[in-house]
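Colleague: Quick one, fold the following:
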Amino acid sequence: MIRPILLTGASGFVGSEVLCELYRMGLGGRVHLFLRKHPDEKSLISLRFRDANIKTDELTARTHLVDLQDEKAFLKALEDLAIISQEWIVIHLAAVINAKGDLKTQEEVNFKRTTQLISWANKNAKSFIYTSSVVAFGATPTPIIRNEESYPKYHFLNKLDGYSLSKRKAHDEILKTSKINTCILCPGIIHGAYEHAKSSRTHLKKILEDKVNWLPSGGGAFVSLEYVASEIILSALNEPLDSELKVKVLAEACLPYTNYLNLYRESAGLKTKNFKKIPHFFLWFAAAIYSLLKLFKIEISIFSKLIQAQMFYYFETLSTQEEGIQIIFKAMKESLNSKIPAVELDQTTNTLNQPK
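Modeller: Next up, the predicted model:
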């Protein structure tokens, strides 16, 4: 049976790559999208489709204009989809990522919309693929290598960050309530083409411009966009098993932030830099200040970000450390080479072309 696919977050960094790959595979006719607006000629969707030489004129027929902050419109769109089929494959990628410390919006979109979607999927879908982040596993104050079995161990310092908490709550709700084939994919920091479109990567430009001298003393998990997109699609297209549920961490290299950002400089053809590390004890100082401020209902997001940056997201990887570094290095170069060019829209074919 040919099952329709519901994809949320298709306009984002990961979602646009997943959508483009589904079209490359000839599966575009099955895909329905939840988008806030139709993609214009400079959107990530259009740019990736242009690079793959794929027309975008088919998207409109199966694009449902839904802002996930609008609960009423979201639930109405789900009602409409239930009329089409009760055997959907749901790929849920939409999220709000620390929007200026807006905890209310993160809670509304990352948690509430996700719980509503898994509830709907339990009645109207065969598979539910949720791509979240390793932040749902939380970090550790020391560089401990962990895996999927480490999920129950959630260090209390992670509870100070609103984005991490909203993701963790969504995970727990899915694990508790899912009744269908479900896969939760948790990538680390993702690198790949057009990543500069992410507002969360503005610090990388400063790294290349030598405007940063001090770095946090923690470390992170890193993964290529190509690997993340392929795992999402494989999880979605595998034949569902009754009530199967699994959680998988996606990481190809784990590095201290000083090493990671020097690798980024190398990918841009720059010399490495002797960054200074923020002393690790500052983690506990920042946590104490942040906790005190919260007692007076004062929310300063820079403290929660600094706490997380001083901690470690280290996980087991399928590749060796050397192999993983080479993969991430290649993905970084792809990101640096994928500049958004001047483009024009061909109104006859609704495809993107380089200016003549």
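
Colleague: Asn53: what secondary structure?
Modeller: Three-state assignment for Asn53 (DSSP: H, G, I helix; E, B strand; the rest coil): coil.

Colleague: So it versus Ile45, what's the distance?
Modeller: 14 Å (Cβ to Cβ, to the nearest Å). For glycine as for every other residue, the C-beta is placed from the backbone atoms N, C-alpha and C.

Colleague: Neighbour count for the two, which is higher?
Modeller: Shown here are Asn53 and Ile45; by other Cβ atoms under 10 Å, Ile45 has more neighbours (24 against 9).

Colleague: Pull the number of nearby residues for the nearest residue to Ser43 once chain neighbours are set aside.
Modeller: Distance criterion Cβ to Cβ, 6 or more residues apart in numbering; nearest residue to Ser43, sequence neighbours excluded, is Ser11 at 6.2 Å. Ser11: 22 surrounding residues under other Cβ under 10 Å.

Colleague: again, but for Leu68
Modeller: Around Leu68 there are 24 residues (other Cβ under 10 Å).

Colleague: which residues sit in contact with it?
Modeller: Thr8, Phe34, Phe74, Ala94, Val109, Arg113 (Cβ atoms under 8 Å, 6 or more residues apart in numbering).

Colleague: can you give me the helices in the protein?
Modeller: Assigned by DSSP state H, the helices in the chain fall at 13-24, 44-51, 71-84, 103-106, 114-124, 162-177, 202-208, 225-237, 257-267, 282-295, 301-309, 321-337.

Colleague: Just say which of those is most tucked in.
Modeller: Highest mean neighbour count of those: helix 13-24, a mean of 23 (counted as mean count of other Cβ atoms under 10 Å).

Colleague: Give me the helices and strands touching that helix, please.
Modeller: Secondary-structure packing of helix 13-24 (3 or more Cβ pairs under 8 Å, 6 or more residues apart in numbering; DSSP states H and E): strand 5-8, strand 31-35, helix 44-51, helix 225-237.

Colleague: will you turn these into CSV that also has mean pLDDT?
Modeller: Formatted as CSV, these follow (pLDDT from 0 to 100):
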stretch, mean pLDDT
strand 5-8, 98
strand 31-35, 95
helix 44-51, 93
helix 225-237, 95
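
Colleague: could you redo the ones you listed as TSV and give each row distance to Thr142?
Modeller: Shown next, in TSV, are these (distance: least, Cβ to Cβ, whole Å):
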stretch	distance to Thr142
strand 5-8	36
strand 31-35	40
helix 44-51	37
helix 225-237	27
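
Colleague: can you tell which of those is closest to Ala251?
Modeller: helix 225-237 (9.3 Å; Cβ to Cβ).

Colleague: by how many degrees do the closest one and helix 13-24 diverge?
Modeller: 60 degrees (axes from the mean of the first three to the mean of the last three Cα atoms, to 10 degrees).

Colleague: Quick one: residues in contact with helix 225-237.
Modeller: With Cβ under 8 Å, 6+ apart as the criterion, helix 225-237 contacts 5, 13-14, 17-18, 21-22, 25, 89, 91, 93, 127, 129, 131, 183, 185, 187, 190-193, 195, 248, 250, 252, 327, 331, 334.

Colleague: one more time with 7 Å, if that's ok
Modeller: Residues from elsewhere that reach helix 225-237 (Cβ atoms under 7 Å, 6 or more residues apart in numbering): 5, 14, 17-18, 21-22, 89, 91, 127, 129, 131, 183, 185, 187, 190-193, 250, 252, 331.

Colleague: could you flag which of the residues you listed are buried?
Modeller: Buried subset of these (neighbour count, 16 or more other Cβ atoms under 10 Å): 5, 14, 17-18, 21-22, 89, 91, 127, 129, 131, 183, 185, 187, 190-193, 250, 252, 331.
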